[in-house]
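Visitor: Give me coordinates for this.
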Amino acid sequence: MEPDLTARKSSALSRLQRKICATPINASLTLFLCTLILVRCSSPKPTDSHEPTPPAEKSKPVVQPPPFSADSAYLWIQMQVDMGPRAPGTLAHNRCASYLEAELRRFTPHVSRQQPPITTHDGKRFTLQNLIARFNPDARKRILLCAHWDSRPRAEMDVERKGEAILAANDGASGVAVLLEVARNLSQNPPPCGVDIVLFDLEDYGESSAENSYCLGSQYWSRSPHVPGYDAEYGILLDMVGGKGARFFREGTSRTYAPQVVDRVWGHAQRLGYGSWFVTQDGNAITDDHYYINKISGIPTIDIIEMDPGSETGFGRYWHTHRDELSLIDKTTLHTVGHTLLYTLYQE
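Guide: As a prediction, the model looks like this:
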């Protein structure tokens, strides 16, 4: 065991004091020297208290987004529904494409339309119509927002009129309407990053028995984006975002490819007080437009979509039926999704 360091210092000091005091010099000088030694030996070791400390990292300030108008979003749903079912190949489908393009041009001059010929799983040929609007096009950091605008050409989940196209107020029109209101806000309040809004066509034409027959618009765009080599930090897909009592679970494909984006958006929704809609529970993985964006383009993209674990299909009981009409839409749900989306964008 090593001797105590304090005892060794005290013993050395005592011997030094005796030696100096025994030297035949002036008594006053002796007293001064002994006092000086005592002060020097008992002085505390200098500390680092005067060294500059690095400044504490400041948290990023919260940016309040512009107000989202659920009334405007509701009106845009009504405008689409009033045209009738927007199934591919119909007059209503063509009219709606022109209408949506004109609405987007009200908010930005950077609007384009992809129109390649498409052959569906049942051998029919259509002209695909993807609509793209860009905001702050010179910004390198970009966020992708998307929804599908076509409606289901048949109501196979209904008990009657199964072969007729549905109005698709929620499954199609609601996501488009929220993005139109977002576009209006972006035109008046420039975003801190680049934003690309893509409205996909022919999402809802497919059959579960035919592989890759759904989401034809997003499949095409993912392989041939509106800008060669296009990339984005992340993407957010909206699908069925206006129903009464909607609950948005943390969908499985989103968690697989973009878990951080899921955490960010659901975290924002919780902070805004929307936990009753954006529930912190995991949902099943589904094949939607975001699946192909993730798989083909590699952009981490999530899906905000209403799910119902208690139903036979896992979706709302109106899904692919004629009950998907305007009476299903709730402005509070529209506001919840729209506010969360704008809040997320303006924190970038």
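Visitor: State the number of residues packed around Asp196.
Guide: 22 (other Cβ atoms under 10 Å). Quick note: C-beta positions are derived from backbone N, CA and C, even for glycine.
Visitor: That one contacts Ala139, doesn't it?
Guide: No. Distance between Asp196 and Ala139: 10.3 Å, which falls outside the contact criterion (Cβ atoms under 8 Å).
Visitor: which neighbours do the two share?
Guide: Contact criterion Cβ atoms under 8 Å, 6 or more residues apart in numbering; no residue bridges Asp196 and Ala139 by contacting each.
Visitor: the helices in the stretch 201-348 of the chain, which residues?
Guide: If DSSP state H, counting those that start in this stretch is used as the criterion, the helices of the stretch 201-348 of the chain fall at 216-223, 252-257, 259-271, 289-292, 331-346.
Visitor: Among the ones you listed, which comes closest to Lys60?
Guide: Taking Cβ to Cβ, helix 331-346 is the member of the helices of the stretch 201-348 of the chain nearest to Lys60, at 11.7 Å.
Visitor: Tell me the buried residues in that closest one?
Guide: Neighbour-count burial for helix 331-346 flags 333-346 (criterion: 16 or more other Cβ atoms under 10 Å).
Visitor: tell me how far the ends of stretch 107-120 are from each other?
Guide: Terminal residues of stretch 107-120 lie 33 Å apart, using Cα to Cα, to the nearest Å.
Visitor: How far away from the center of its chain is it?
Guide: In terms of Cα atoms, centre = their mean, to the nearest Å, the gap separating the centre of stretch 107-120 from the centre of its chain is 24 Å.
Visitor: ok, residues contacting that stretch?
Guide: Judged by Cβ under 8 Å, 6+ apart, the contacts made with stretch 107-120 from elsewhere in the structure are 88, 97, 101, 104-105, 125-135, 137, 183-184, 186-187, 202, 205-206, 213, 216, 220-221, 224, 226.
Visitor: got TSV for the buried residues of helix 331-346, with pLDDT and distance to Leu144 too?
Guide: As requested, the buried residues of helix 331-346 are arranged in TSV below (pLDDT from 0 to 100; distance: Cβ to Cβ, whole Å):
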residue	pLDDT	distance to Leu144
Thr333	98	23
Leu334	98	21
His335	98	22
Thr336	98	21
Val337	98	16
Gly338	98	17
His339	98	19
Thr340	98	16
Leu341	98	12
Leu342	98	15
Tyr343	98	17
Thr344	98	12
Leu345	97	11
Tyr346	97	16
